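Trainee: any chance you could fold what I've pasted below:
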Amino acid sequence: MADEPAHSDTPKKSISDLPFDILLEIFQLVPSRDLVNLLCCCRDLFALVSQESIWRSMSSLYGVHDIAHFGGRSWYTVYTRLLHTYGPMLGLWAGDHAYTGGILDVRLYSGDLKLQGGIYIDLWQFRILQPEDLEGPEKPELPMYIPLVRIDFSNSPHPHGNARSICCSSKRGIQPTHCATIQLFSSTNQSRFLQTRQGHFPHPTFPSPTMRSFLDDPSRYPLLPLQQTTAVDQRAQLSQRPRIPVVFTAPTEHQKPQAISVSCPCIDRIRPFLGFDDIVPFFPRYYPLRHTIPPSASLDPVSPDWHPAALVGLWLGSHGPHGTECVYFDLDSASAMLRAWKITGDENVPRGAVSFEVNTAREVPLSNLLACAFEQGIAIEDAGRYKGFAGSGTISARGFIPPQTHQTDVVLVLGEPDKVRMMWVEMEECSAYIRYRGRDH
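Mentor: Next up, the predicted model:
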């Protein structure tokens, strides 16, 4: 007689038998809808729903320590229906708008007696310069933060329902409260071009394959369903000699990473002004923008311990009549070249272009400082305590068309932490840059 199969006395294991800290790690990786379904799959896991300490602890990871102004929701609902999905977005995002670019600031708001707590999305806007502003030395300014979208429970009627995205960019009384849409899109090879009477010209790819240092960690993307990006080629529908230059889109060989979009009819009205006809059918794509301050950023540049890596990060710079723009300083350790990549731009030198690059391995004497440098606060008697690095800067006619784009000599002048000056030698002009430390600095 054949042997009977042996029956194991070992009890079967399930996910509820995992250590508590492992369960928390799993919870953070599972999309919100799946997390709720997971907790309902067995009695042991469902018991965790009522354990406030778990959801309070997980909410604190995103800076939420008090839910008094979150519409009466429980810690479980605040985490699973709001923070779990949208919390990873907290921070800055760089947009691929044609020429101008754009920056979103996603922040947590704890709420008050007037406004409910939630996640708020603000748009950076820089002040438009007036004619009298052009008479004095150039000075960069901090951005204004324009409310764009809020994600909260104010429009969610069910006590356990998901948080909703509400547009807050329309002026009070003009449009009723309505929803905005936040989506996560797949990678794409769509790029922008400019069609003129002289032909069509590629717009700087954003982000380009050589400009990925400004991208933050992929964990910053919201836990939303991934939407496939539609492939569009608009070349066939263009006039060969348009009356106004036209921005259009077509596929290229450059693959761009995943991105989010924020869409609402009101948002179009507050986009940066563009003097070209933009027929691209997509809302701008936003990428997670790295914003870290190097530990050595507070060192004096003339200190023997100072290194050019202290300059890496986000800076706000004066760009002539275009006003303040945002650039990302990136250091190539192999070549010692410091490059200023434009995160926001203008119709002459757009976002995604290199504003300037200097060789930090070769310091240049500053005995012949331009007069414009003294206008930026450098005293003649103190010129010896500054150091300079020579390189090239990008200048262009309107449109950034290759035949009209040129390189010119520049000198980057350093003398104090968090501030640099850029001398444009041939034009005898000097612009200033300040490090962006955040909206609370």
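Trainee: assign the most centrally placed residue in the chain to helix, strand or coil.
Mentor: When C-alpha atoms, centre = their mean is applied to the chain, the residue found nearest the centroid is residue 93 (2.1 Å). What DSSP: H, G, I helix; E, B strand; the rest coil gives for residue 93 is strand.
Trainee: need the distance between the two termini of stretch 195-210.
Mentor: In stretch 195-210, first residue to last residue: 25 Å (C-alpha to C-alpha, to the nearest Å).
Trainee: what mean pLDDT does that stretch have?
Mentor: The average pLDDT within stretch 195-210 is 90.
Trainee: sorry, back to before: list the contacts of the residue nearest to the centre of the chain.
Mentor: 103, 104, 105, 106, 260, 286, 287, 288, 289 (C-beta atoms under 8 Å, 6 or more residues apart in numbering). Using the backbone N, CA and C atoms, a C-beta is placed for each residue, glycine as well.
Trainee: show me what it is bridged to.
Mentor: In this entry, residue 93 is beta-bridged to residue 104, residue 288, by DSSP bridges.
Trainee: distance check, it against residue 102.
Mentor: From residue 93 across to residue 102, the span is 9 Å (C-beta to C-beta, to the nearest Å).
Trainee: list residues touching both of these two?
Mentor: With C-beta under 8 Å, 6+ apart, residue 93 and residue 102 have common neighbours residue 286.
Trainee: related to what we said a few turns ago, which of the contacts of residue 93 lies closest to residue 387?
Mentor: residue 289 (28.7 Å; C-beta to C-beta).
Trainee: give me the neighbour count for the nearest residue to residue 102 once chain neighbours are set aside.
Mentor: Among residues not flanking residue 102 along the chain, residue 95 sits closest, at 3.5 Å (C-beta to C-beta, 6 or more residues apart in numbering). By other C-beta atoms under 10 Å, 27 other residues sit near residue 95.
Trainee: the one 10 residues further on too?
Mentor: Applying other C-beta under 10 Å, we find 21 residues neighbouring residue 105.
Trainee: what's near enough to touch it?
Mentor: 91, 92, 93, 121, 122, 123, 124, 145, 439.
Trainee: mind putting those into a markdown table with pLDDT?
Mentor: Shown next, in a markdown table, are these (pLDDT from 0 to 100):
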| residue | pLDDT |
| --- | --- |
| 91 | 97 |
| 92 | 98 |
| 93 | 98 |
| 121 | 96 |
| 122 | 95 |
| 123 | 94 |
| 124 | 95 |
| 145 | 95 |
| 439 | 89 |
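Trainee: now do the buried residues in stretch 196-215.
Mentor: Neighbour counts over stretch 196-215 (16 or more other C-beta atoms under 10 Å) mark 200, 201, 203, 204, 205, 206, 207, 211, 214, 215 as buried.
Trainee: repeat for stretch 264-281
Mentor: 264, 266, 267, 271, 272, 276, 278, 280.
Trainee: how far does that stretch sit from the chain's center?
Mentor: Relative to its parent chain, stretch 264-281 has a centroid offset of 18 Å by C-alpha atoms, centre = their mean, to the nearest Å.
Trainee: then stretch 131-148?
Mentor: That offset, for stretch 131-148, works out to 20 Å (C-alpha atoms, centre = their mean).
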